[in-house]
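> Got a predicted structure here, sequence first:
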Amino acid sequence: MIVHSGTCQIQTQRLVLRKFVQSDAEPMFNNWAGDCENVKYVSWKAHKSLSETQKLVSDWIQGYDNLDYYRWVITLKDSGHVIGEISVIDFSDCDECCEIGYILSKKYWNMGFMTEALNAVIRYLFEKVGFHRVQLRHDVNNPASGRVMQKNGLKYEGTLRHSRKNNQGNYCDTSIYSILKFEFKF
């Protein structure tokens with residue numbers, strides 16, 4: 001049974017996942033949202049200005065008023081640096097299923113940070129919220145994202161042909177992975 005609890009702070013060995021605050025907009029813009037290379041595999045284009053990121057963060061902050069809203073800024077525990085974002089992008093209470101999306105500053109790729117953040121969020125969604133299934137998708141041209149999913153025990157289910165448009169407006173194939181609550185290693 002789903003019991004929505006909203007975005008609660010989560011700590012891991014190296015990270016703190018917490019709610020966005022307005023002052024996160026500038027590091028978000030500088031670290032990933034304003035960088036074309038960093039957003040190459042997502043559906044939205046790089047932000048052209050800090051004000052665009054500030055508006056988005058403001059909208060996200062308003063979302064925290066809802067208990068079924070899950071969006072974390074990823075920060076380094078030792079320094080507080082803002083390095084990424086992870087969120088529930090879709091869910092079904094009826095099916096007890098949700099989908100996660102994430103992005104990480106390229107300065108922090110290949111260091112295990114997203115694997116660590118994803119593990120913590122999956123744990124939270126299973127233990128605290130009560131989802132039965134968590135799924136994620138990635139552009140097939142971004143296999144590193146698939147490796148993050150595999151490291152967290154998600155199983156490859158298949159490739160969805162032309163299932164999303166990238167930020168250039170082109171259709172792209174996406175690979176879908178999932179994990180069920182009983183499969184997760186708590």
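Looks like it arrived, so ask away. Worth saying up front: this structure is predicted, and the values here are computed from it rather than measured.
> tell me the contacts of residue 63?
Contacts for residue 63 (C-beta atoms under 8 Å, 6 or more residues apart in numbering) come out as 69, 71. For every residue, glycine as well, the C-beta is placed using N, CA and C.
> Can you pull the phi and psi angles for it?
For residue 63, the backbone dihedrals are phi -60, psi -30 (criterion: degrees, to the nearest 10).
> for residue 82, same thing?
phi -80, psi 120.
> Can you report how many residues neighbour it?
If you count neighbours by other C-beta atoms under 10 Å, residue 82 ends up with 23.
> Check what pLDDT it gets.
You'll see residue 82 listed with a pLDDT of 98.
> Name the residues linked to it by a beta bridge.
residue 75 (DSSP bridges).
> Would you mind checking the average pLDDT for the host helix or strand of residue 164?
Using DSSP states H and E, residue 164 sits within strand 155-165. The average pLDDT within strand 155-165 is 97.
> ok, now stretch 6-20?
Mean predicted confidence for stretch 6-20 is 98.
> follow-up on the earlier one: partner strands of the helix or strand that comes right after the strand holding residue 164, parallel or antiparallel?
Following strand 155-165 in sequence order, the next helix or strand is strand 171-180 (DSSP H and E). According to DSSP bridges, strand 171-180 forms sheet pairs with strand 133-139 (antiparallel), strand 155-165 (antiparallel).
> No further queries at this time; thank you.
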